[in-house]
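Visitor: predicted model, plus sequence, below.
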Amino acid sequence: MSESDEFRVRARVAGISMWHLALSALFFAAVTVVGGISGSVMILVSGVLFENPWLVAFWGAASASLIWSFLTVFLLGKQMKREFAAGYTTSRLGYPNLEQVDESTGLIVRAAGEPLISRQEHRTRVQAYKASLVDS
């Protein structure tokens, strides 16, 4: 099997990949939870609401993160529809009926219909592809 048969790449739709948007949404949701809990604990401990600048900063960060998280989830839905319409996904968590494409290289790491692969297998396939580019 030649290298051109071994590795297949495909063009991706415009925009941030579905996988990166999902990770961003998860990050901002975590910041929202941590900021909200920290702010609530600070209210309980200090007994003041808006006089404490740290408290205002925690609640401000949590509020901004919540808004950004909702925006990211909205964009995630739009990107998911675009990727699905193109016949692939960058998500690593499902959709075995679609090709799984690496979001940074465009490498098809799993063909449609194949079983889902582990994170390690994904990384191994991408590293092998990158090594083949260096060798050629």
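Guide: Done, it's in.

Visitor: pLDDT averaged over whichever strand or helix holds residue 124, what's the number?
Guide: For residue 124, the host element (DSSP states H and E) is helix 119-135. For helix 119-135, mean pLDDT is 93.

Visitor: next one: stretch 30-42
Guide: 86.

Visitor: isn't residue 101 up against residue 88?
Guide: Yes - at 4.7 Å, residue 101 and residue 88 qualify as touching, with contact defined as C-beta atoms under 8 Å. The way it works is simple: take the backbone N, C-alpha and C, and place the C-beta from them, glycine included.

Visitor: show me which of those two is the more surrounded one.
Guide: Using other C-beta atoms under 10 Å, the more surrounded residue of residue 101 and residue 88 is residue 101, with 27 against 22.

Visitor: show me what contacts the more buried one?
Guide: Listed by C-beta atoms under 8 Å, 6 or more residues apart in numbering, the contact partners of residue 101 are 10, 12, 88, 89, 90, 107, 108, 109.

Visitor: could you do residue 17 as well?
Guide: 79, 83, 90, 103.

Visitor: can you list the buried residues in stretch 18-31?
Guide: Buried positions in stretch 18-31, judged by neighbour count with 16 or more other C-beta atoms under 10 Å: 18, 19, 20, 21, 22, 24, 25, 28, 29, 31.
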